[in-house]
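[1] All I have is the shape, not the residue letters:
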């Protein structure tokens, strides 16, 4: 290391490079926050703008003629023809009937079911891998881990064929099936936490005469409540965000999920330009559950990400 | 083990002994996950390879054709173009995203815990959103005629841009959208790695007279190697499989400028025709590419060594 003239150890000394460094950091901070938050605001601003004015007043920072009409349309309360009746006319406003409530419900059921199933069954497996001894334990777990390396498309195509062959194509069950029991990541994640449990507690319970089942249920599980909640949230988020698989298997309107519905809506353009007002209202509605999770569990999610970085 | 013996001797009933048998309980516990793994991970993986050696349109029976599918895709110009588009996308996406994530992580570290926690929560928000949502959001902002991006650029006298409507630029803008979505997430990963570096190293360097940039080069980067490797490997593997964003924004256009490899595979199964053989063959090739790229990356980054060990 080259020897430079000694600088004071205080980070906020008035050296030019430090000042520049700090200024850059603050600038970077502001830029990051603005770049992240502005698009979300823009969605809301557009969704709250009167439908036809979306196409004319394109640079107003605030909603123009603030209205809930877009939300009403997207949730199926009114439809495009009602807008015409109100004198709001624009060739790009779709007259198709939208029903986001249904698609939101489907997304909830899809994500909720997967969350429950995967959390339960993967946690059970993780406990066995972490704290029980049985033949081929480590080999089976290793094979699970190799599943992490396979690209989704390699799995999706045969899974699609399989679901189709057993007659579950276009059914809710078929949509949920590949995710319901496990993913390698979930098993891995929970196993890490079971591994870190204090052995003494478990030995003490064994000495007290608890059965293995009892130990799992009454000792181990309560100790990993935090991670269970975290992985459940992560699973819910991932399922909520899923697109390609539900698109392949769940086109039918009755089981269609939100992501697929919005993608299909984007394609339904009467004249070429998308129905921006409706699309943004739909996007805003679809953002709500994610934002709720973010508000209540954001901290947990962030901490779990930092954990998963260390295998 | 002593414990299992003690356990069985205090639960004489058959049910009690069953509930206590380590093997039985263990296998029962892993059974659901094993079923899930075999049905939806192992079986499809193997099946993909098998199907890739057949010609199959789902309407009639599969017909064994040997390596014909592989020969077909390797001589298909659309396949190579899809691969090329994908590689271009990865090249646009990864370096910029990694540098940005690194920068964000360093920014995060400079702030107090309270502000840092708030910042991290904000940074994670785009990643929490479905990619479909993120894509629609940016589709609107980047719309050439109505989007706010052009309005903003107008203020600086920049002429109207077509962003994703411009064949030459389209894939780069897809990369930009993806960077917006993922940089924060990766920044948090790197931030966790930054925190493992002992402060004392920086203090010693400061006393020796090293400025911030030198410290970053000589201390931070080398000690971040494991985390950076993890980030690079996962982002590269993920980038090769980009689909959702493109499907919702450009749908492969304009003029095929964003037809990445997953598009090619989906086309073989749904759009152009139903050819399970070539589709699975292409996906197997993709798998091989990903494994190779990962191995090369890990070898190049020497992930197994951690310089931290030298200092602790």
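    Received, thanks. Owing to the predicted nature of the structure, the values given are computational and were not obtained by experimental measurement.
[2] Now the residue of chain A found nearest chain B: closest residue in space that isn't a chain neighbour?
    Distance from chain B to each residue of chain A (Cβ to the nearest Cβ) is smallest for residue A:181, at 2.8 Å. Where you see a C-beta, it was placed from the backbone N, CA and C, and this is true even at glycine. Leaving out its chain neighbours, the residue that sits closest to residue A:181 by Cβ to Cβ, 6 or more residues apart in numbering or on different chains is residue B:36, at 2.8 Å.
[3] what about that neighbour, helix or strand, and which?
    Using DSSP states H and E, residue B:36 maps to helix B:22-37.
[4] any idea of the mean pLDDT in that helix?
    What helix B:22-37 shows for mean pLDDT is 92.
[5] Could you point out which residue ranges in the stretch 101-250 of chain B have low pLDDT?
    Under the criterion pLDDT under 70, no range of the stretch 101-250 of chain B is flagged.
[6] What segments of it are helices?
    Counting by DSSP state H, counting those that start in this stretch, the stretch 101-250 of chain B has helices at residues B:113-128, B:131-141, B:148-154, B:170-194, B:199-208, B:212-215, B:221-223, B:225-240, B:244-249.
[7] neighbours around residue 122, how many?
    If you meant another chain, say so; for now it's chain A. 28 (other Cβ atoms under 10 Å in any protein chain shown).
[8] Please refer instead to chain B.
    16.
[9] Contact partners for it?
    The contact partners of residue B:122, by Cβ atoms under 8 Å, 6 or more residues apart in numbering or on different chains, come to A:32, A:33, A:36, A:37, B:184.
[10] Counting neighbours, which of those residues comes out on top?
    When neighbours are counted by other Cβ under 10 Å, residue B:184 leads those with 28 neighbours.
[11] Excluding residues flanking it in the chain, which one is nearest it?
    residue B:123 (3.2 Å).
[12] any idea how far that neighbour is from residue B:115?
    12 Å (Cβ to Cβ, to the nearest Å).
[13] Enumerate every residue touching the residue of the stretch 1-150 of chain B found nearest chain A.
    Distance from chain A to each residue of the stretch 1-150 of chain B (Cβ to the nearest Cβ) is smallest for residue B:36, at 2.8 Å. By Cβ under 8 Å, 6+ apart, the contact list for residue B:36 reads A:121, A:178, A:180, A:181, A:182.
[14] Also residue A:71?
    So residue A:71 contacts A:47, A:281, A:284, A:285 (Cβ under 8 Å, 6+ apart).
[15] which pair in the residues you listed spans the largest distance?
    The span of the contacts of residue A:71, defined through Cβ to Cβ, is set by A:47 and A:285 at 8.3 Å.
[16] In terms of neighbours, single out the busier of those two.
    Neighbour count, other Cβ under 10 Å: between residue A:47 and residue A:285, residue A:47 has more, with 26 against 20.
[17] How much space separates that one from residue A:286?
    Residue A:47 is 11 Å from residue A:286, by Cβ to Cβ.
[18] which of residue B:123 and residue B:115 has more neighbours?
    Neighbour tally, residue B:123 and residue B:115, criterion other Cβ under 10 Å: the higher count belongs to residue B:123, 25 against 12.
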